[in-house]
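Trainee: fold the following and give me the result.
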Amino acid sequence: MGTVVVIVALALVAGALARFANWRPSLSNPFGTRSVDRSQPVLLQSVQDLSLYKAASGNFQLIIDLEKDASRDRGILDRIGAVFSDNPDSLRELYQLADKRIQDAAVSSGLVARAEQNTRAMLESMLHSLGYTKVTVTFTGPVPQR
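Mentor: This is a model prediction of the structure:
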């Protein structure tokens with residue numbers, strides 16, 4: 001009888017700990033899909049300083065290879081239907097991924113820093129030519145994430 005009480009008490013304690021730790025077994029859905037990003041790194045093709053005032057310009061190339069891993073048991077009609085699907089939302093994830101990767105590449109390539117440097121030089125030169133002797137240029141706003 002004492003052993004049964006100890007086992008029940010341990011079971012209750014384990015159940016309470018599992019509930020408070022928000023623990024539950026993770027079983028993946030065998031019929032679900034997951035995205036696998038097999039893309040190549042972003043390639044910076046060129047950076048140019050421009051005399052027509054643009055702080056800097058970058059040309060980026062990115063090839064996105066996003067594969068939806070789905071159950072291999074899909075029928076042939078489902079697969080053919082997926083090829084001819086005309087759902088504009090199906091490209092949304094692709095565009096979001098490309099946008100984020102190109103923004104990250106622009107920051108890591110030094111394009112933002114170069115744009116700030118060019119803008120600072122242009123403003124200082126222009127304001128000095130107008131007679132100002134002390135010019136301070138400060139950039140504010142969101143800091144790009146690396």
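Trainee: tell me the pLDDT at the closest residue to L62 other than its chain neighbours?
Mentor: The spatial neighbour of L62 that comes closest, neighbours along the chain excluded (CB to CB, 6 or more residues apart in numbering), is V42 at 4.8 Å. Quick note: C-beta positions are derived from backbone N, CA and C, even for glycine. For V42, the pLDDT comes out at 85.
Trainee: so who does V42 touch?
Mentor: Contacts for V42 were tallied using CB atoms under 8 Å, 6 or more residues apart in numbering; they are 60-62, 101-102, 104-105.
Trainee: same deal with F60?
Mentor: The neighbourhood of F60, defined by CB under 8 Å, 6+ apart, consists of 42-45, 102, 105-106.
Trainee: now do it, the pLDDT please.
Mentor: If you check F60, the pLDDT there is 87.
Trainee: returning to that earlier point: roughly how far apart are the residue nearest to L62 and D104?
Mentor: Remark: distance between V42 and D104 (CB to CB, to the nearest Å) = 8 Å.
Trainee: ok, now L62?
Mentor: To D104, L62 is 10 Å away according to CB to CB.
Trainee: with I64 instead?
Mentor: Distance from I64 to D104, counting by CB to CB: 14 Å.
Trainee: go through whichever strand or helix holds A105 and flag the buried ones.
Mentor: When elements are defined using DSSP states H and E, A105 is found to belong to helix 92-108. Using 16 or more other CB atoms under 10 Å as the burial criterion, the residues of helix 92-108 that qualify are 97-98, 101, 105-106.
Trainee: can I get those residues in a markdown table including pLDDT?
Mentor: Formatted as a markdown table, the entries for the buried residues of helix 92-108 read as follows, by pLDDT from 0 to 100:
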| residue | pLDDT |
| --- | --- |
| L97 | 86 |
| A98 | 87 |
| R101 | 89 |
| A105 | 88 |
| A106 | 84 |
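Trainee: right, and out of those, which lies closest to L130?
Mentor: Here the nearest of the buried residues of helix 92-108 to L130, counting by CB to CB, is A106; it sits at 31.8 Å.
Trainee: from K100, how far off is that closest one?
Mentor: Taken as CB to CB, the span from A106 to K100 is 11 Å.
Trainee: quick one: E67 and S35 touch, right?
Mentor: Yes: using CB atoms under 8 Å as the test, E67 is close enough to S35 to be in contact (7.3 Å).
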